[in-house]
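Trainee: Model the structure of this input:
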Amino acid sequence: MASAVLIVLACVLVPVSVLTVWVHDIALDTDRYVDTVKPLASDPAIEEAARNRIVQAVDVRVDGKRVTAELAAWLQSQGLPPTAAQAVKGLAPQLDAAVTGAAEKVATRFVQSDRFEKVWTGANRAAHSAVVHALTGKGRGAVGVDDGTVTLDVGTAVDRVRQELVDAGVTPAKNIPDTDKQMVLFKSDKLKRMQGAAHALDVVGTWMPVLTVFLGAAGVFLAYQRRRALVKIALGSAGAALVVAIGLVVARRFYLDHLPPQVQSEAAAAAVFDHLLHFLRVTLRTVIVLGVVVALGAYFVGPGRGARAVRGTSERTADSVARWADTRDIHTGRVGTWIANNRRWLTIGVLLVLALVFALWNHPTILTVLLLVLIFLAVLALIALLAATGRRTLTAGPRAPTGPASSR
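Mentor: Residues are numbered from 1 along each chain as shown. Sure thing, here's the model as predicted:
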């Protein structure tokens, strides 16, 4: 009973441990957070949203009616017929559109240049303090959080576009106001709850994975059939991670389907969501694959018919290779006999070493799991071959000496 309770508790805590690691190591760690959001600097959706916001911020308006009226009056004083002067006044809308079009072209050219990418990259490098602010309520940076709204300050880009417009001869650009230069990236009325949860997860972020592993190991150790208990906890952990991964997919779709008006671009919101949760999703997939691999490993060392068949085939193959080596006078000597006598403990030692490597690996992925599995299988194959040659040596007994010494 105690074993079952510990196993269930460990399976439930697996996705919680993944969340704590994400909060502690990604969301609240400057270097790792910058690495996570750095691709956003060149994301097409982010670039398009920023371009639209900057164009709105530098929208230049000219009083076309006043300008054309003054021009028409001057031309009429110089002898221009009244009908022609009235036609000049009618050019006011075209004048407004021309100036606005010029501003849009300059802003678009700036967004597509390397200068804007540098501005955006700099903002993303400073964004870690905003994530800390978003999740803990502390800090401030290029990205701000207020009442559940996450915004990016594009003021630097707007200022540069304004100066470029002035340099191009669009003098009304000097009147662009220094207000409302925020681009909304994320908005949720549940951000306050997320802050409280993030604080709690950050506090236990270091110890939660250790506690989860300890509970799982205790559950397996106390079980009457430990191999089956290991299969259950492995598959249970994979299943729990799968549920959370599916939940993230549903949450993403729900969020994008219910974006508030303040979010200017759905594509940009999706890009931010995906980049921030990339590590979390990769870790959940890794847990799923690791759970399946451990369950399969526990099965193949058991008494099942399929497991016995696989082990028998591998042993027969190793024996065949050992016979082939023996016919060509290739022997492993004492190394082979020692491995044959200590094969079980040697296999356990290799497994523990690889488990330690996985535990110390900095943010392992599915490729990490598959690489370690391949290494383990290769080492098992080598051990099987050496053990097979060692068994032949033990069966044949000591060899008779050869050469001049044997003739005496």
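Trainee: Report the separation between the closest residue to Gly302 other than its chain neighbours and Val350.
Mentor: Nearest residue to Gly302 in three dimensions, chain neighbours excluded: Arg227, at 5.4 Å (Cβ to Cβ, 6 or more residues apart in numbering). Bear in mind the C-beta positions are built from the backbone N, C-alpha and C, glycine included. In this view, Arg227 and Val350 are 19 Å apart by Cβ to Cβ, to the nearest Å.
Trainee: and what of Val301?
Mentor: 14 Å.
Trainee: which of those two has more neighbours?
Mentor: Val350 (16 against 12; other Cβ atoms under 10 Å).
Trainee: Any figure for the gap between that one and Asn362?
Mentor: Relative to Asn362, and taking Cβ to Cβ, Val350 is found at 22 Å.
Trainee: Repeat that for Ile330.
Mentor: 41 Å.
Trainee: Please say which of the two ends up with more neighbours.
Mentor: The neighbour count for Ile330 versus Asn362, taken as other Cβ under 10 Å, is higher for Ile330 (11 against 7).
Trainee: would that one count as being in a helix?
Mentor: No: using DSSP: H, G, I helix; E, B strand; the rest coil, the secondary structure at Ile330 is coil, not a helix.
Trainee: Now for it: which residues touch it?
Mentor: Contacts for Ile330 (Cβ atoms under 8 Å, 6 or more residues apart in numbering) come out as Thr389.
Trainee: Can you check the pLDDT for it?
Mentor: pLDDT, Ile330: 79.
Trainee: start the count at 162, not 1, going forward
Mentor: I'll keep to 162 as the first residue from here, and by that count the last item is Ile491.
Trainee: Would you list the phi and psi of it?
Mentor: Dihedral pair for Ile491: phi -100, psi 120, per degrees, to the nearest 10.
Trainee: give me the low-pLDDT residue ranges for the stretch 462-569 of the chain?
Mentor: The stretch 462-569 of the chain contains residues with pLDDT under 70 at 555, 557-569.
Trainee: same for the helix or strand hosting Phe382, what does it pack against?
Mentor: Following DSSP states H and E, one finds Phe382 within helix 369-383. With contacts taken as 3 or more Cβ pairs under 8 Å, 6 or more residues apart in numbering; DSSP states H and E, helix 369-383 sits against helix 163-183, helix 387-418.
Trainee: For it, buried residues please.
Mentor: 369-370, 373, 376-377, 379-381, 383 (16 or more other Cβ atoms under 10 Å).
Trainee: average pLDDT for that helix?
Mentor: Mean predicted confidence for helix 369-383 is 88.
Trainee: Could you do stretch 203-217 as well?
Mentor: 72.
Trainee: how about the strands of the chain, start to end?
Mentor: 304-307, 310-314, 343-348 (DSSP state E).
Trainee: mean pLDDT lowest for which of those strands?
Mentor: Minimum mean pLDDT among the strands of the chain: strand 304-307, a mean of 50.
Trainee: thinking again about what came up before, out of the helices and strands packed on helix 369-383, which is the most enclosed?
Mentor: helix 163-183 (a mean of 19; mean count of other Cβ atoms under 10 Å).
Trainee: Pretty sure Glu427 sits against Leu417.
Mentor: Yes: with contact defined as Cβ atoms under 8 Å, Glu427 counts as touching Leu417 (5.8 Å).
Trainee: and for the two, which residues touch both?
Mentor: Joint contacts of Glu427 and Leu417 (Cβ under 8 Å, 6+ apart) do not exist.
Trainee: quick revisit: out of the buried residues of helix 369-383, the closest to Glu476 would be?
Mentor: Nearest to Glu476 among those is Val381, at 27.1 Å by Cβ to Cβ.
Trainee: Need the nearest residue in space to that closest one, chain neighbours excluded.
Mentor: Nearest to Val381 is Ala390, by Cβ to Cβ, 6+ apart, at 4.6 Å.
Trainee: Next, work out how far apart Asn502 and Arg552 are.
Mentor: Taken as Cβ to Cβ, the span from Asn502 to Arg552 is 10 Å.
Trainee: wait, I meant Ser475
Mentor: 14 Å.
Trainee: Which one of those two is surrounded by more residues?
Mentor: Taking neighbours as other Cβ under 10 Å, Ser475 and Arg552 compare with Arg552 leading, 20 against 14.
Trainee: I figured that one hits Asp487, correct?
Mentor: No: Arg552 is beyond contact range of Asp487, at 10.9 Å (criterion: Cβ under 8 Å).
Trainee: Please enumerate the shared neighbours of those two.
Mentor: Joint contacts of Arg552 and Asp487 (Cβ under 8 Å, 6+ apart) do not exist.
Trainee: got the CA positions of stretch 448-461 in CSV?
Mentor: Coordinates of the C-alpha atoms in stretch 448-461 are reproduced here as CSV (Å, rounded to 0.1, in the frame of the first residue of the first chain):
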residue,chain,number,x,y,z
VAL,A,448,10.1,12.8,-19.9
ILE,A,449,7.7,10.9,-22.1
VAL,A,450,10.4,9.2,-24.1
LEU,A,451,12.5,8.5,-21.0
GLY,A,452,9.5,6.9,-19.3
VAL,A,453,8.8,4.6,-22.3
VAL,A,454,12.5,3.7,-22.6
VAL,A,455,12.8,2.8,-18.9
ALA,A,456,9.5,0.7,-19.1
LEU,A,457,10.9,-1.2,-22.1
GLY,A,458,14.2,-1.8,-20.3
ALA,A,459,12.4,-3.1,-17.3
TYR,A,460,10.3,-5.4,-19.5
PHE,A,461,13.3,-6.9,-21.4
